[in-house]
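*Asks:* Task: produce atomic coordinates for the following.
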Amino acid sequence: MSNSKQKVPPSGAPDEAATRAAEGMLGPNPFVGLRPQDILAAMQQIAVQACRQPMLALEQGAALTRDLLEALSGNSTLAIPKGDKRFTDPAWRDNPLYRTYLQSYLAWSKALTGLVERSELDAKCKERAAFVVSLFADALAPTNTLIGNPAALKKLIESGGASLLAGMQNMLADLEKNRGMPAQVDKQAFRPGENLAVSPGAVVFRNELLELIQYEPATPDVYARPHLIVPPQINKYYIFDLSPGRSIVEYLLKGGFQAFVVSWRNPTPAQRDWDMETYVAALREAIDAVCEISNAEDVNLHGACSGAMTLSALLGHLAAKRERLVNAATLMVAVLESSDEPQLTLFATPEAVHAAKQYSAAKGVLEGQDMGRVFAWMRPNDLVWNYWVNNYLMGNPPPAFDILYWNNDTTRLAAKFHAQLLDIFLGDLFNKPGAVTILGTPIDLSTVDCDKYVVAGITDHITPWKGVYNTARIFGGKTDFILSSSGHIQSLINPPGNPKSRFYVNPQLPADPEQWLSNAETVSQSWWEHWRGWLAVRSGEQRPAPAALGSARNPPLAKAPGTYVIEP
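*Replies:* Next comes the predicted model:
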């Protein structure tokens, strides 16, 4: 193992901006949302602070005046925030008019941010106010207008106006088909079973909630113990079986593992009463089918986000019944406790939580499109304005990118399950022994003693890595915590071959996550490779691969990717 400091992405690597734009729909757990009245309340608090602290307002106003005068005179030293790619065009540096425009924008953004930071608001209110200020500043960025975007102006001239016409056509299409939001992806470029989710396999079991897919072995011999992947109930399962070369399923098969995947059914209002127990019971049936097909006594389970929550509920239930049905488990980018709250619970006030429950209860489900819109406005530069500029100002078609397609292939959450996720997460119930009852057994995750492999992303804003670290410490038994150098989705889809990939390992799990990180070893490779070795020693002996999929009791019902994944 060696440390790598290379910065050049490999040839053919996916666009990092597009991957960042897809960060989201594996979570959050729970989903509260953004209400206009909450945004307005935060704005009112800022105004009240300006009135209550007139000297602060005057000081910020004076600082803004100085910064604006320096911008006009060409002497401003305000710098573009690190990582902000909106102002990369040379005109922002070389053209005096654009340079002044940029420095003025940075000046008033700085003044508003400073007003919030120096206010007397409590920590939570200050965080909300800062978020609202950032929304306002991002929306009014000069790059979001044609005249304020030198790259768009250049293309307008070079295309003889064709880019403007194309942009107008894109906008009209989005008004009609995308509820007014700029499209993130070319939805005609992909189709599960054709260029996504193409690993050969078959549905070998089906119940009301899920289809169980078994994949064809890719090696002459396979490990005896089967592996079952439990995806989130948010979005489709094929985040684990994306394009060839970027598929976790494909990687497991090539490593000689027997791979199965759960494909959850997309609930409708008729399934409003599905809850955690419903999902756990269905998952238990799937495990029984996997064991029967593989002639195995137990399985290795792997889950991400809400799938990992379901997996954990099952583990707690099995521990309470003292059943050894799961040999080892992997939890990816999953937060089970609320001590390190993600950004998406920023507005999770009691009133907002009650409103969120009422909203989904009235409809029977929480629509995936509703979740997607709120995710977008939590990171507007990446998820809204980036596509506003590309689609409308530049007149480009939305990108064709597999993760973005998956991210936009939304699903619904049953109302009861949505409300339960809110209660579990905001009440920190998984961290309280006996607070959650699954199939008649109160669960205590500290009694779960099978080996566990927990993965987090150091730049993950959906499931912050310290929250995932705390999750790792909830369980009993031996737990290995792995910290990837990427974000939410980038941590999950992390195939070998990228010289920028690295992760951190430390066998100890002290109470302080920063202490863990300070003593961790940096490994310059994908965590998938480390995980493969971890799985190999927990997957039993090797034996000849099965000649056919399914069994007499559980015969193939349909080819992969199955039927549930394409249901509307």
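
*Asks:* Please, where are all the helices along the stretch 201-350 of the chain?
*Replies:* 248-254, 276-294, 306-321, 350-363 (DSSP state H, counting those that start in this stretch).

*Asks:* Just list what the shortest one packs against, helices and strands only.
*Replies:* Applying 3 or more Cβ pairs under 8 Å, 6 or more residues apart in numbering; DSSP states H and E, one finds that helix 248-254 makes contact with strand 227-230, strand 259-264, helix 527-536. The way it works is simple: take the backbone N, C-alpha and C, and place the C-beta from them, glycine included.

*Asks:* Tell me the gap between that helix and the middle of its chain.
*Replies:* Its chain's C-alpha centre and that of helix 248-254 lie 21 Å apart, by Cα atoms, centre = their mean, to the nearest Å.

*Asks:* and it, average pLDDT?
*Replies:* Mean per-residue pLDDT for helix 248-254: 98.

*Asks:* Sort out which residues of it are buried, please.
*Replies:* 248-253 (16 or more other Cβ atoms under 10 Å).

*Asks:* what about the stretch 251-400 of the chain, any weak spots by pLDDT?
*Replies:* Low-confidence segments of the stretch 251-400 of the chain, defined by pLDDT under 70: 339-345.

*Asks:* Pretty sure residue 456 sits in a strand.
*Replies:* Yes - assigned with DSSP: H, G, I helix; E, B strand; the rest coil, residue 456 falls within a strand.

*Asks:* Report pLDDT for it.
*Replies:* pLDDT, read off for residue 456, is 96.

*Asks:* in the sheet, who's paired with it?
*Replies:* In this entry, residue 456 is beta-bridged to residue 483, by DSSP bridges.

*Asks:* My guess is residue 249 contacts residue 229. True?
*Replies:* Yes - counting by Cβ atoms under 8 Å, residue 249 does reach residue 229; the two are 7.3 Å apart.

*Asks:* which residues do those two both contact?
*Replies:* Taking Cβ atoms under 8 Å, 6 or more residues apart in numbering as the criterion, residue 249 and residue 229 both touch 240, 259, 261.

*Asks:* Save the residues you listed as JSON lines, and put in distance to residue 41 and neighbour count too.
*Replies:* Formatted as JSON lines, the shared contacts of residue 249 and residue 229 follow (distance: Cβ to Cβ, whole Å; neighbours: other Cβ atoms under 10 Å):
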{"residue": "240", "distance to residue 41": "40", "neighbour count": "26"}
{"residue": "259", "distance to residue 41": "48", "neighbour count": "27"}
{"residue": "261", "distance to residue 41": "43", "neighbour count": "30"}
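
*Asks:* of the residues you listed, closest to residue 540?
*Replies:* Using Cβ to Cβ, residue 259 is the member of the shared contacts of residue 249 and residue 229 that lies nearest residue 540, at 14.4 Å.

*Asks:* phi, psi of residue 413?
*Replies:* As for residue 413, its main-chain torsions (degrees, to the nearest 10) stand at phi -110, psi 130.

*Asks:* One more: the one 5 residues further on?
*Replies:* The phi/psi pair for residue 418 (degrees, to the nearest 10) reads phi -60, psi -50.

*Asks:* Likewise for residue 449?
*Replies:* The phi/psi pair for residue 449 (degrees, to the nearest 10) is phi -110, psi 10.
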